[in-house]
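Q: output the structure for:
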Amino acid sequence: MAIASRPDSGAGFTGRGPSNSKRIGLIAGWGTFPVRVAQVLKAQGYQVYCMAIKDHADPQLAKICDDYRVFGMGRMGAQVRYLRKSGVTEATMAGKVFKTKIFERFHLIKHCPDLTFWRHFYPIFLTKTKDRKDDTLLLTVTSLYAAGGINFSPATQYAPELLVDQGTLTKSEPTKSQWKDIRFGWQTAKEMGRLDIGQSVIVKDQAVIAVEAIEGTDACIKRAGQLCKAGGFTLVKVAKPEQDMRFDVPTIGIGTVETLHAAGGKVIAVDAKKTILLDPEQTVARANALGVSIVATHFSTTEA
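A: Next up, the predicted model:
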């Protein structure tokens, strides 16, 4: 890598963009989505100040962004100070944060929580008077930033083209039986989203094989493959009924297609206009090569 990333106490590389350009902060989690968002923001004339989450973000971001710093998840005060010092009042977040890490031993020590973190998260991690649902955690993050004068906007506000349009994306379309599974799974997935448990369900012959929870979509797919040796199942992945588009937007890509195929699945059905499709041309080409159908659709709960 041409420029090494440094911890939050060190200097990143700066000054690539013009001094009078727009400035934005990017909280970068795991995956290619943050890289794509950074590229779009740069193309739109933004100076991008990247806060790379430790053990998550792609170091490639250091080559794209105007400034790149690595932060432990608990260094919330340091992150706010970094943005304010950089003259940033607008931010967005992209990429997956592995929630399983908060159940690892000594996870908080590893991510160096500061006083600002504890001021906002003590009801969740110490007194446990609040739950640890995704929305609870992420809304606490955005509230913490807002208190520091940093407002969050959805990443898809800057890159709406990443949201998949309605229709069948692949050469193969779902069969009548698979459409029954999609409709059946849709209602279940929406209910799981309403409860803030997960975004995905795996269905075959109108029976739920697996439900996504903290483990994530890929692990859910692999478990379905173990439970349904005959294969031929359908992944239904949807947005929550009251989806906050600032975070946790359902996302699929080449990895999803390959994981589903390896497990024996045949169909991916997603929420049109509310799902991010990464590397669309490559993803669809890979799905066609593997015989996986991808469809973006939408049903009301009464239709499903």
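
Q: and Phe152, how close does it get to Val37?
A: 13 Å (C-beta to C-beta, to the nearest Å). For the C-beta atoms, the positions are set from N, CA and C on the backbone; glycine is no exception.

Q: got the buried residues for the helix or strand where Thr116 lies?
A: Taking DSSP states H and E as the criterion, Thr116 maps to helix 115-125. Across helix 115-125, burial judged by 16 or more other C-beta atoms under 10 Å covers Thr116, Phe117, His120, Phe121, Ile124, Phe125.

Q: average pLDDT for stretch 39-59?
A: For stretch 39-59, the mean per-residue pLDDT is 94.

Q: tell me how far it lies from the chain's centre.
A: Mean-position distance between stretch 39-59 and its chain equals 15 Å (C-alpha atoms, centre = their mean, to the nearest Å).

Q: use 25 as the first number for this chain going forward.
A: Yes, from this point I'll number from 25; that puts the last item at stretch 63-83.

Q: can you give me the end-to-end span of that stretch?
A: For stretch 63-83, the first and last residues are 14 Å from each other (C-alpha to C-alpha, to the nearest Å).

Q: three-state assignment of Asp205?
A: For Asp205, the assignment made with DSSP: H, G, I helix; E, B strand; the rest coil gives helix.

Q: and the strands in this structure?
A: Under the criterion DSSP state E, strands of the chain are mapped to 46-52, 70-77, 91-95, 114-118, 175-176, 191-192, 224-228, 231-235, 258-261, 275-276, 291-295, 300-301, 317-321.

Q: for this protein, name the helix or strand with the lowest mean pLDDT.
A: helix 131-134 (a mean of 66; mean pLDDT, DSSP states H and E).

Q: just to revisit the earlier point, of the buried residues of helix 139-149, closest to Val235?
A: Set against Val235, the nearest of the buried residues of helix 139-149 by C-beta to C-beta is Ile148 (23.7 Å).

Q: and the residue lying closest to Leu301 once chain neighbours are set aside, how many neighbours does it have?
A: Spatial nearest neighbour of Leu301, chain neighbours left out: Val188 (4.2 Å); criterion: C-beta to C-beta, 6 or more residues apart in numbering. As a burial measure, Val188 scores 23 neighbours (other C-beta atoms under 10 Å).

Q: got the strands of the chain as TSV, with distance to Thr241 and mean neighbour count columns?
A: What follows is those, written out as TSV (distance: least, C-beta to C-beta, whole Å; neighbours: other C-beta atoms under 10 Å):
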stretch	distance to Thr241	mean neighbour count
strand 46-52	19	24
strand 70-77	19	25
strand 91-95	26	23
strand 114-118	17	23
strand 175-176	24	16
strand 191-192	21	12
strand 224-228	5	27
strand 231-235	10	18
strand 258-261	7	28
strand 275-276	8	24
strand 291-295	10	27
strand 300-301	12	22
strand 317-321	14	22
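
Q: now distance to Pro198 too, for those, in TSV please.
A: Output for the strands of the chain, formatted as TSV (distance: least, C-beta to C-beta, whole Å):
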stretch	distance to Pro198
strand 46-52	34
strand 70-77	36
strand 91-95	42
strand 114-118	30
strand 175-176	36
strand 191-192	8
strand 224-228	12
strand 231-235	17
strand 258-261	8
strand 275-276	16
strand 291-295	5
strand 300-301	17
strand 317-321	5
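
Q: where in this protein is pLDDT low?
A: 25-45, 123-135, 325-328 (pLDDT under 70).

Q: thinking again about what came up before, tell me the contacts of the residue nearest to Leu301?
A: When contacts are counted by C-beta atoms under 8 Å, 6 or more residues apart in numbering, Val188 touches Val294, Ala296, Lys297, Thr299, Ile300, Leu301, Pro304, Ala320.

Q: for those residues, which one is nearest Lys264?
A: Using C-beta to C-beta, those come closest to Lys264 at Thr299, 11.8 Å.

Q: for the closest residue to that closest one other than its chain neighbours, grab the count of nearby residues.
A: Closest residue in space to Thr299, ignoring its immediate chain neighbours: Pro274 at 4.7 Å, by C-beta to C-beta, 6+ apart. Residues lying near Pro274 (other C-beta under 10 Å) number 21.

Q: check Ala86 too.
A: By other C-beta under 10 Å, the residues close to Ala86 number 22.

Q: same question, Thr151
A: Neighbour tally, Thr151, other C-beta under 10 Å: 8.

Q: before we move on, what about Gln211?
A: So Gln211, with other C-beta under 10 Å, has 18 neighbours.

Q: much appreciated, bye for now.
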